[in-house]
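Undergrad: The following comprises the amino acid sequence and a computationally predicted model.
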Amino acid sequence: MSDTPHYDVIIIGTGAGGGTLAHRLAPSGTRLLLLERGDYLPRERDNWDSTAVFVRGKYRAPEFWFDQHGREFPPEVNYYVGGNTKFYGAALFRLRPQDFGELRHHDGISPAWPIRYEDLEPYYTQAEHLYLVHGRHGEDPWEGPAGEQYAYPPVEHEPRIQQLSDDLEQQGLHPFHLPIGVDLTQDGRGRATRSSTCIRCNRVDGFPCLVRGKSDAQVICVEPALQHPNVELVTGAHVVRLETDPTGRTVSAVVARLDGDTEVRYAADLVVVSCGAVNSATLLLSSANDRHPRGLANSSDVVGRFYMRHNNLALMAVSEEPNDTQFQKTLALHDWYLGADDWDYPLGGIQMLGKSDAEQIHGEAPRWAGAVTPNMPFEVMAHHAVDFWLCGEDLPLPDSRVTLDGDGRIHLALDETNNTAGLKRLRHKLQHMLGKLGMHEHHLLDHSIYLHKGMPIGATAHQAGTVRFGTDPASSALDVNCKAHDLDNLYVVDTSFFPSIGAVNPSLTAMANALRVGDHLLDRMG
């Protein structure tokens, strides 16, 4: 071990969790090493090409996982500096206060967290300011209290979405500006100013940003952290296992393959795993040894279990009038998040998707693959399309889990029917309103008022829950500070720690928690 480079902290992964944690630790002078499996995403024209990104999957990891039946599938994972935030839609919601408590759903119980909303609230504010979130607290009647207003005003609706917002209000509902992380400066008419980094284009959702206008972890956190001389980054470093000392209480080495070949060892006082819920679990499982025969941090046998990814549905309505919107992802609706007059259980939330185009529809991009083709040109359909994203809570089940086979291949078991009744009701509520929202069946389509597509098992963008935290070592892998119960210097800081997932995008909660854990680590290191 004398030849092994030693650091104060090693962070494995540079996404919403790891990248944000690095940003918090960097100014302290801590000798910090970031290990990233991928490289920097190349900046090129294909970054904004629908066929390259959605249809050909040019930037997806060239790997396959297996479902519970042994069928292989390509997961939605990207290995780059900044992690999956390079491709996320930057919708940065807080969980509702009720999400931190026990919630009864149609198919079971969403368990309580070991911390309260109030414990995370100051860090939500810090994360919103750090990631340049544009929004307005107070518009959504069901959001939790906020200690401070967003630092940036909401992204203004374009005319068609403003009309949709007005129409929803006339139905007695409460649409609000979607909180989104973009480096945008708007003029009095909501347009991007000449000095604005974000240009309000139609490439925000699912595309990497060529002009660095989207608040991803690389731009917001990793690059500023690297300005500090105490911070190092090694790319192309695929961490394959963690080794422990003879007591089994301390991670003594982080073993990585550089560029898929050379094996290198690193050591640190503290080791933080932040590879994403699936890969963090597989790293812990593949690090089994005599002291930890079921994998690291897994004396409770929960590592890899309780995988969640939301019950999601993409719905494309066809408007009577053309929809010339470019930056469509500006509106959300949570009136049925916790229930409805005709349903005692949570339904979930509705938000806008990025604007679809003919290439995505024609090429059967993942969100529309398998949808019924209408009797109209794809270009006309895309010009009239209004795109919605419906999100319901996926309940944590012990048999929804990540495992490894004898060859080290990832298997992902998932009950795709788990707690879907609320999402179906949410879809029906939106369907039944479409006529009143200027989207009529008879005007353009002969047979269908909309296209809708549920997300297959490969839709792993919202993955969470495989290394859950809690107060009881018998039923959780991590304590309330996200330190492994079984080890003294191992932490997991990504969406793995979630005991439940709520019905909003998980990124902001991962970022806020990374800041919270960062403060804990700074206190621990003095």
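TA: The structure has been received and is ready for your questions. Numbering: from 1, shown residues only.
Undergrad: Just say helix, strand or coil for the residue nearest to L92 when sequence neighbours are not counted.
TA: Using C-beta to C-beta, 6 or more residues apart in numbering and skipping residues adjacent in sequence, the residue nearest L92 is L508, 4.1 Å away. For glycine as for every other residue, the C-beta is placed from the backbone atoms N, C-alpha and C. L508 carries the three-state label helix when classified by DSSP: H, G, I helix; E, B strand; the rest coil.
Undergrad: Contact partners for L508?
TA: 92-94, 124, 127-128, 131, 133, 179 (C-beta atoms under 8 Å, 6 or more residues apart in numbering).
Undergrad: what's the answer for R249, then?
TA: 486-488.
Undergrad: quick one: it and Y266, what's the gap?
TA: 19 Å (C-beta to C-beta, to the nearest Å).
Undergrad: and if you look at E139?
TA: Distance of E139 to Y266, computed by C-beta to C-beta: 46 Å.
Undergrad: from memory S286 sits against N298, does it?
TA: No. In this structure, S286 is not within contact of N298 by C-beta atoms under 8 Å, at 11.3 Å.
Undergrad: between the two, who's got more neighbours?
TA: Between S286 and N298, N298 has the larger neighbour count (other C-beta atoms under 10 Å), namely 23 against 15.
Undergrad: Please state the backbone phi and psi of the more buried one?
TA: phi -120, psi 30 (degrees, to the nearest 10).
Undergrad: cool, the one 10 residues further on as well?
TA: As for M308, its main-chain torsions (degrees, to the nearest 10) stand at phi -130, psi 150.
Undergrad: where in the stretch 351-500 of the chain is pLDDT low?
TA: 362-376, 440-454 (pLDDT under 70).
Undergrad: all helices of it, in order?
TA: Assigned by DSSP state H, counting those that start in this stretch, the helices in the stretch 351-500 of the chain fall at 358-362, 378-384, 421-433, 441-444.
Undergrad: ok, now the chain?
TA: With DSSP state H, the ranges of helices along the chain come out as 18-25, 50, 117-130, 159-170, 217, 223-225, 277-285, 358-362, 378-384, 421-433, 441-444, 507-525.
Undergrad: What is the least confident helix or strand in this structure?
TA: None of the helices or strands of the chain scores lower by mean pLDDT, DSSP states H and E than helix 441-444, at a mean of 35.
Undergrad: Compute the number of surrounding residues for the nearest residue to Q126 once chain neighbours are set aside.
TA: In space, and not counting its chain neighbours, Q126 is closest to L515: 5.3 Å by C-beta to C-beta, 6+ apart. Counted by other C-beta under 10 Å, the residues lying close to L515 total 21.
Undergrad: what's the answer for the one 10 residues further on, then?
TA: Residues near M525, counting by other C-beta under 10 Å, number 14.
Undergrad: distance of it from R249?
TA: In this view, M525 and R249 are 18 Å apart by C-beta to C-beta.
Undergrad: Likewise for V271?
TA: 13 Å.
Undergrad: swap in G349?
TA: G349 is 42 Å from R249, where distance means C-beta to C-beta.
Undergrad: same question, R401
TA: According to C-beta to C-beta, R401 stands 26 Å off from R249.
Undergrad: try T330
TA: Using C-beta to C-beta, one obtains 50 Å as the distance from T330 to R249.
Undergrad: do G526 as well
TA: To R249, G526 is 21 Å away according to C-beta to C-beta.
Undergrad: now G465
TA: 25 Å.
Undergrad: Find the nearest non-adjacent residue to A317, please.
TA: Take A317 and drop its neighbours on the chain: the residue closest to it by C-beta to C-beta, 6+ apart is M439, 4.3 Å away.
Undergrad: nearest residue to A22 other than its sequence neighbours?
TA: That would be A225: by C-beta to C-beta, 6+ apart, it lies 4.4 Å from A22.
Undergrad: Surely that neighbour touches A26?
TA: Yes. Proximity of A225 to A26 meets the contact threshold set by C-beta under 8 Å, at 3.9 Å.
Undergrad: got any residues that touch both of those two?
TA: Both A225 and A26 are in contact with 32, 231, where contact means C-beta under 8 Å, 6+ apart.
Undergrad: Can you say which of the helices of the stretch 351-500 of the chain is packed in most?
TA: Most buried of the helices of the stretch 351-500 of the chain by mean neighbour count (mean count of other C-beta atoms under 10 Å) is helix 358-362; its value is a mean of 20.
Undergrad: Off-centre distance for it?
TA: In terms of C-alpha atoms, centre = their mean, to the nearest Å, the centre of helix 358-362 is set 24 Å apart from its chain centre.
Undergrad: burial of G349, as a residue count?
TA: Using other C-beta under 10 Å, G349 is surrounded by 25 other residues.
Undergrad: list the contacts for the residue nearest to A22?
TA: Contacts of A225 by C-beta under 8 Å, 6+ apart are 19, 22-23, 25-26, 32, 34, 231.
Undergrad: Which of the residues you listed sits closest to Q171?
TA: G19 (40.2 Å; C-beta to C-beta).
Undergrad: From E263, how far out is that closest one?
TA: 25 Å.
Undergrad: Neighbour count: those two, which is higher?
TA: Using other C-beta under 10 Å, the more surrounded residue of G19 and E263 is G19, with 30 against 10.
Undergrad: Just the pLDDT for the more buried one.
TA: Here, the pLDDT recorded for G19 equals 98.
Undergrad: okay but R200 is in contact with F327, surely?
TA: Yes. Counting by C-beta under 8 Å, F327 is a contact partner of R200 at 4.3 Å.
Undergrad: longest strand of the protein?
TA: Under DSSP state E, the strand in the chain containing the largest number of residues is strand 262-273.
Undergrad: Please identify the buried residues of that strand?
TA: 266-273 (16 or more other C-beta atoms under 10 Å).
Undergrad: in its sheet, what does it sit against?
TA: strand 6-12 (parallel), strand 251-258 (antiparallel), strand 490-492 (parallel) (DSSP bridges).
Undergrad: Now distance to F54 and mean neighbour count too, for these, in JSON lines please.
TA: As requested, the strands paired with strand 262-273 are exported to JSON lines (distance: least, C-beta to C-beta, whole Å; neighbours: other C-beta atoms under 10 Å):
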{"stretch": "strand 6-12", "distance to F54": "29", "mean neighbour count": "23"}
{"stretch": "strand 251-258", "distance to F54": "30", "mean neighbour count": "19"}
{"stretch": "strand 490-492", "distance to F54": "31", "mean neighbour count": "28"}
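Undergrad: Save the ones you listed as CSV, and put in distance to R116 too.
TA: Shown next, in CSV, are these (distance: least, C-beta to C-beta, whole Å):
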stretch, distance to R116
strand 6-12, 27
strand 251-258, 30
strand 490-492, 21
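Undergrad: Ok, which of these comes nearest D107?
TA: strand 490-492 (27.2 Å).
Undergrad: who touches the closest one?
TA: Residues from elsewhere that reach strand 490-492 (C-beta under 8 Å, 6+ apart): 242, 251, 270-274, 280, 284, 296-297, 467, 477-478, 481-484, 517, 521.
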